[in-house]
Each structure stands twice: as structure tokens, then as C-alpha cells.
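Participant: Quick one, fold the following:
(2 chains)
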Amino acid sequence: MLTPEDLSAIFLSAKLATVTTFFTLIIGAPLAWWLSRGETLCRRLCGAVVTMPIVLPPTVLGFYLLVFLGPFGPVGKLFTALGFRLLPFTFSGLVVASIIFTLPFVVQPLQNAFEALGERPLEAAATLGAGPLDAFLTVIAPQARSAFLTAAVMGFAHTIGEFGVVLMIGGNIPNVTRVLSMQVYVYVEGLEYGQAHILAGGMVVFSIVTMLILQFLKPKREKFLRSRS
Amino acid sequence: MTIEVDLKLSYPAPGGQKLNFHFQLVLPGQGITTVAGPSGAGKTTFLRCLAGLERASGHLKVNGEVWQDYKFFLPTYKRPLGYVFQEASLFPHLTVRQNLDYGAKRRHLRGGQAGPGIDLNHFIEILGIGHLMERKPETLSGGERQRTALARALAANPKALLLDEPLAALDRDRKEEILPYLKSLKELTLPIIYVSHDQGEIERLADTRVRMERPGVLPVIQPYL
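Facilitator: The predicted structure follows:
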């Protein structure tokens, strides 16, 4: 059934998705919070840059990352000067690319939830002696709990589904950067449809389950409206 | 004991105009002061400036404590006040008890006995919410929510209580139910600023009356104490 290479690919995908989800939530929550605080030109601009990967072909994003992180790119030169290993074709490189590529899918549900909550909960918390961070952790975050779960599921699933970026920046190295979607591609290229079916079918099931989870996470509208007062 | 206010605020109104407010008055440092006036005169804005929810410029001194000066601005969460919004604005993920504790805990951490030492249990009894303690806000009626909001503001042991039309969202019966509770606040030795445009409420509650005639301008009132 599953070969050792398949298992390695599955493990790599799961690891990548977990690490990426963790970091995108840490970066995405404050970012979404900041973006939801009113509309200035600067915020709109940042919002556009953050959401850009949704419409950008993944290969384009991967290409530019390769250029920037590579030995002749600005980040690459900095890394070389500091004595770090270059990021392309490493697992760390995959993580960096995945974070950028997945960020909009984490930021958007959070930003929507924060905007829907509005100023009032924060103001009420402030009049009760809660500073900004305190209010965020004790009033905003618990009320946006389902949005955080949605963001986490979206981030995880979206990273599992990556192909173009991973191909460009990861380079399809077995056991290092050959993730699940890559393994399917390798099988199809080698006309090994039987093996491809097993992995591809598994991905379909995974996707359906993910979408079902997201359906259940959707806040019930009626309850939400009542809780506003 | 007075509240000295000299605050200016301007913010953009829809249509490219600017709304300018200048609140300059002295209010008594205890008892219920009602603030009346037509809609749009800036009654809510006045309360929000006192609370620091709007960043007005100027000077604000409450019973000897400077809350705001030309170079100094005490953020809302550091001002020892209680605020009741037009809608109860309870935290939906917390029970009534947890809502009450929310402010009490934080004020306690921030320097213990800040206010006049309100006996909360006494007020929970007066407000008739003792049996609701373990309930979530969404299961409460409008009147119960508003009473809880009042208790929550008191639980934080404030040195000033700001009430923004706390009865506006309620029907006549519910208003009648809460008015006696509001009246019982007079036994506290802290200033209560009560915004309302309901003449009946004002008649029954006011120790001092202020009326905003022109938008954003409050007359200078001399304290009665």
C-alpha cells in the first residue's frame, strides 16, 4: 500500500502544516487586529499586500521568494554574511514560503470576526480597568474563538494543499521537501496511477472532512446577533 | 469636591464638515447630575470625553485627581470610573457573576480601595440580580441586563459613575422597574453623571441639572456643594 516514501511525504506535509499554522496564527492575529482598527491608507495598503497571495499564481510567489532568498537575493546575501544556511531547498525555506502563502487565509476570518465585534467590547473592558492587551486576551479572543479555529483549520488545510510554491522553493527533494502533493505529482509523472490514486483519494477525503469542520465552525447567526447586546 | 471640566474635541462629521465640542463647566463632586439636551447636542460625546474614550484636549480634574491635562492623558482603563452604555454591553462569554468580577478584580489589582468602598452585595440585593449570578447575558431580559451592567460598573468600585441613557433601550414598565434602583444610588458618596432626555427621569433623579442648549456647549455651572 503506502511505501516508505509515501509515509515520509505524509509526515512532511503534516509537519509543515503544523509549523506553518502555528506561526501564521502568531503573526496573523495581531496583524488582523491591527487591520481591523479603522481604515487608513496605510492599513489598506498592508491589507492588499497580505491578501495578494490569494490571486497571485503560486509559482510567481515561489519564483520571487527563490530570487530573494537565494544566494544573490538581499535576504540570501544577509544570511550568507551572518553565516546561516540559505533557505531555498530546505524545510525552513518551505515554512517561510508557506507562512507568506497561507497568511491571508488566516488573517481574513480573524479580521472579519474582529470587525464584527466592533469597538464596544473593548470600550466596556477599558471602563472596567482592562488595558488593551488584557482586553484582547480576555474579551476579544474568547468571543472570536470560532474564528480562531476556522483560521487554524484553513491555515493547516491550505498548507497541505500547496504545490506551486513548494515546488519552486523546495525543489522536490525526497525526505526534505517532497511533501504529499509533490509525491502525487511524482507518481503521475512516472505513470504509477495506482499509487497516485491512493494518495490522491486520501487527499480528497481529507479535503471533504476539512470543509465539513469549517461548516460546523461557522457561528450560528441567530445566536451571534443575540449575543451582541 | 468638584469635577472641573475644560475639554475640547473636534471630529469629522459625515459630509466633510467638522463637529466642534467645547465642554467647560464645573460639576458637583457628588450626587446625581443630569445632562439633558436635544439629540446630537453631544451628550454622549461629553460622557465619552470624561471617560477618556474620546481623546479630547484640555483639562479634567475629578475630586482632586487630575485625569487629563495639557500634557497628560490618563487612559480609560486607568481612570477609576464606572460606565453604563445605552446597551448593556455585557460580555456574552461570561456569566453575570464573571461580568461583575471582571472590573472588580482589575480595579483591585490596580490599587485596591479606589472608590468609596461600595458594598456590592448590598447593591446586588437592591438591584435584584442575586438569583441571576450563574446565567449568561443572552438568557436575561433587557431590564435584567441593564441592572447587571449597573452592578458591574459599581463592582469596580468607581470614584465616578457615568450613565449614558441607561434606560433608553427599555420599555416603560422596565424603566419603572429600574428607576428606584437608580435613585438608591444617591446613598453613595460619589458623583453620578446621568445623561438623559427624558424629563420624567430627570425630575425624579436630579440633584443638579445641566442642559446643553447649543450643540457641544455646556453652560458653566457653579457647584452647589
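Participant: now for the longest helix along chain A, which elements pack on it?
Facilitator: What stands out as the longest helix in chain A, according to DSSP state H, is helix A:4-35. For helix A:4-35, the elements it packs on are helix A:41-51, helix A:91-117, helix A:145-160, helix A:180-189, helix A:193-217, judged by 3 or more C-beta pairs under 8 Å, 6 or more residues apart in numbering or on different chains; DSSP states H and E. Using the backbone N, CA and C atoms, a C-beta is placed for each residue, glycine as well.
Participant: helices or strands up against the helix or strand just after the second one?
Facilitator: It stands for helix A:91-117. Beyond helix A:91-117 in the direction of the C-terminus, DSSP states H and E gives the next helix or strand as helix A:120-127. Under the contact criterion of 3+ C-beta pairs under 8 Å, 6+ apart, helix A:120-127 touches helix A:132-135, strand B:81-84.
Participant: winner for burial among these?
Facilitator: The densest packing among the helices and strands packed on helix A:120-127, expressed as mean neighbour count by mean count of other C-beta atoms under 10 Å in any protein chain shown, is seen in strand B:81-84 with a mean of 28.
Participant: The following helix or strand past that one: which residues count as buried?
Facilitator: As assigned by DSSP H and E, the chain's next helix or strand after strand B:81-84 is helix B:96-109. Burial within helix B:96-109, assessed by neighbour count using 16 or more other C-beta atoms under 10 Å in any protein chain shown, is assigned to B:96-107.
Participant: Show me what from chain B comes close to chain A.
Facilitator: Residues of chain B lying close to chain A (C-beta under 8 Å from any C-beta of the partner chain) are B:51-53, B:75-78, B:81-83, B:85, B:87-93, B:102-103, B:106-107, B:110, B:137-138, B:142, B:145, B:152-153, B:156.
Participant: one more time with 6 Å
Facilitator: Taking C-beta under 6 Å from any C-beta of the partner chain, the part of chain B that reaches chain A is made up of B:53, B:76-77, B:83, B:87, B:89, B:91-93, B:102-103, B:106-107, B:110, B:138, B:156.
Participant: least confident pick among these?
Facilitator: Between the residues of chain B next to chain A, the one the model trusts least by pLDDT is B:R110, at 63.
Participant: where does chain B dip in pLDDT?
Facilitator: In the predicted model of chain B, residues B:109-117, B:214-225 satisfy pLDDT under 70.
Participant: element containing the residue minimising distance to the centre of chain B?
Facilitator: Closest to where the C-alpha atoms of chain B average out (C-alpha atoms, centre = their mean) is B:L162, at 1.2 Å. When secondary structure is defined using DSSP H and E, the element that contains B:L162 is strand B:160-164.
Participant: Tell me what angle that strand forms with helix A:120-127.
Facilitator: In terms of direction (axes from the mean of the first three to the mean of the last three C-alpha atoms, to 10 degrees), strand B:160-164 departs from helix A:120-127 by 160 degrees.
Participant: what angle do the following helix or strand past strand B:160-164 and strand B:160-164 make?
Facilitator: Past strand B:160-164, heading to the C-terminal end, the next element that is a helix or strand (DSSP H and E) is helix B:172-184. Between helix B:172-184 and strand B:160-164, the angle formed by their directions is 160 degrees, by the same axes, to 10 degrees.
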